[in-house]
Structures are given as structure tokens and as C-alpha cells.
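**Q** just a sequence and a predicted model for now, questions to come.
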Amino acid sequence: MSVRTVLTTFLEAALSVFGIRSAYEQPRYHVIETLSPAIEIRDYAARDAVETTTRDGEAAAFGRLFRYITGANVAGAALAMTAPVEEGPRSIAMTIPVERSAGPAVMRFFLPQDVAAAGAPVPKDKAVLIVHLPAARLGVIRFSGRATPSVRDGEAALLRTALDRAHWVPQGNPVYFSYDPPFTLPFLRRNEVAFGVERGG
């Protein structure tokens, strides 16, 4: 990495301790309905991501993706970090919404729009893939603190209940969005659980 990239990464990390994430590009979405201060129905535009399975653990998966954006690609290019990091079941684009398979879980970094438009560099690691995600409608609940498995499950249950009351039908399994690194102060972290949704009767 260049000195400039190292300094930029260090600065972003320092800001992240306090939950400041304005430096990170995020996928575009439009809120079409607000069910509560913490729950929204969002329409996401199509986006590109780099993904790998979490079969050997989340830390190993994160490391592979981080190495890709810091130069482990055929172009040797350093790419900007984005937010959020997505974790969830592998998805196969069948229709809208996305169908989710029972395959191994994956972790994704979304690619900056300029990188996606120019064509993302090919990963050197065969366990890292470039994927295109179609436009999707998601029901999302936002929460802070430590996103342990039990906390995620509880938030997913709250989201399902809220969606049912508002006549939105969850599709498949939930995915998880993490906007901050582990060293961010827990009460300042932004975490989300999301389901693909369809309008119910």
C-alpha cells in the first residue's frame, strides 16, 4: 500500500472508534416506509460486492476480503473500504426478491461505485469472488451494541413481528449488516438485521 493509503486507513480507523463512518461509501437505497424509529422498508439499487465464505470463521473471511481491497488482486490496486459489511446465507438471484440457498454463509464488502463501473480487479485468492446483487426490497431493523448471535436472533424476531403487523412478508433467511469495526465503542455501533420482503395481503 502507498503511504497515503496507509494514512487514510489509519485515520478512518481512528474515527471509527467513535462511530464516525462518513468516510465510507454505502450502497444506495431509498426508504419507502418507516415502521418505527428503528425499522424501515428500503429499496436498494443493484450493487456489486466482493464475497467469500465464512466456513473457516468470520475473522478468516474478513482477512481475505481486506487483503483483496488492499492489493491482493491482479491489478495490485488498493480499493476504498465501504460500509456495511454483510454477513448471511449465500444468495442466488432467481427473481426479485432474492432467493436464499442453504449453502455456506458468506461475508461481503460492497464495492465503491466507481470501481464497479470501471470493472473490479480480479482477486488473486480463488476463495474471493466478485458478485452482482440485483435491486432488492429489504425490511431492516437497526440496533447498537455488540451483535452477538443471540442479539441478532432477538432483533430478527422483533423485525419479523413488526413486518407481520405492517403486512410485509419476510423472504428467506436474514442477513446482517455491520457498519463499524470491533473496536468501535459498543453503544456507538450501527448494526442491522434485514430480510427480503414482499407486500402481504
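**A** Nice, thanks for sending it over.

**Q** only C-alpha atoms for contact and neighbour calcs from this point on.
**A** Will do.

**Q** how much space separates A120 from R42?
**A** To R42, A120 is 26 Å away according to CA to CA, to the nearest Å.

**Q** got it, and G154?
**A** 21 Å.

**Q** looking at the two, which is more packed in?
**A** R42 (21 against 13; other CA atoms under 10 Å).

**Q** which ones are touching that one?
**A** 29-33, 137-140 (CA atoms under 8 Å, 6 or more residues apart in numbering).

**Q** out of these, which are buried?
**A** 29, 137-140 (16 or more other CA atoms under 10 Å).

**Q** can you list those residues in a markdown table and add distance to D125, pLDDT and secondary structure?
**A** Shown next, in a markdown table, are the buried ones among the contacts of R42 (distance: CA to CA, whole Å; pLDDT from 0 to 100; DSSP: H, G, I helix; E, B strand; the rest coil):
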| residue | distance to D125 | pLDDT | secondary structure |
| --- | --- | --- | --- |
| Y29 | 30 | 96 | strand |
| R137 | 31 | 97 | strand |
| L138 | 31 | 97 | strand |
| G139 | 33 | 97 | strand |
| V140 | 32 | 97 | strand |
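
**Q** tell me which of those residues is nearest to T70?
**A** Comparing the buried ones among the contacts of R42 against T70 with CA to CA places Y29 closest, at 26.4 Å.

**Q** where does this protein dip in pLDDT?
**A** Residue ranges of the chain with pLDDT under 70: 1-23, 90-104, 201.

**Q** can you show me the helices along it?
**A** For the chain, helices defined by DSSP state H occupy the ranges 3-16, 58-69, 113-118, 149-165.

**Q** now for the longest one, which elements pack on it?
**A** To tie it back to what came earlier, the one meant is helix 149-165. When contacts are defined as 3 or more CA pairs under 8 Å, 6 or more residues apart in numbering; DSSP states H and E, helix 149-165 sits against strand 136-143, strand 168-178, strand 191-199.

**Q** closest to V50 out of those?
**A** Going by CA to CA, the one of the helices and strands packed on helix 149-165 nearest V50 is strand 168-178, 14.6 Å.

**Q** next, the angle strand 136-143 makes with that closest one.
**A** Put simply, strand 168-178 runs at 60 degrees to strand 136-143, going by axes from the mean of the first three to the mean of the last three CA atoms, to 10 degrees.

**Q** sorry, back to before: any chance of a markdown table for the helices of the chain, columns distance to T82?
**A** A markdown table is the format used below for the helices of the chain (distance: least, CA to CA, whole Å):
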| stretch | distance to T82 |
| --- | --- |
| helix 3-16 | 11 |
| helix 58-69 | 10 |
| helix 113-118 | 10 |
| helix 149-165 | 22 |
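
**Q** out of these, which gets nearest to A49?
**A** helix 113-118 (8.4 Å).

**Q** contact partners of that closest one?
**A** 47-48, 79.

**Q** what residue is smack in the middle of this structure?
**A** Using CA atoms, centre = their mean, the residue of the chain that lies closest to the mean C-alpha position is E86, 2.6 Å off.

**Q** give the bridge partners for the residue lying closest to M107 once chain neighbours are set aside, please.
**A** Spatial nearest neighbour of M107, chain neighbours left out: E87 (4.5 Å); criterion: CA to CA, 6 or more residues apart in numbering. For E87, the beta-bridge partners are M107, Y176 (DSSP bridges).
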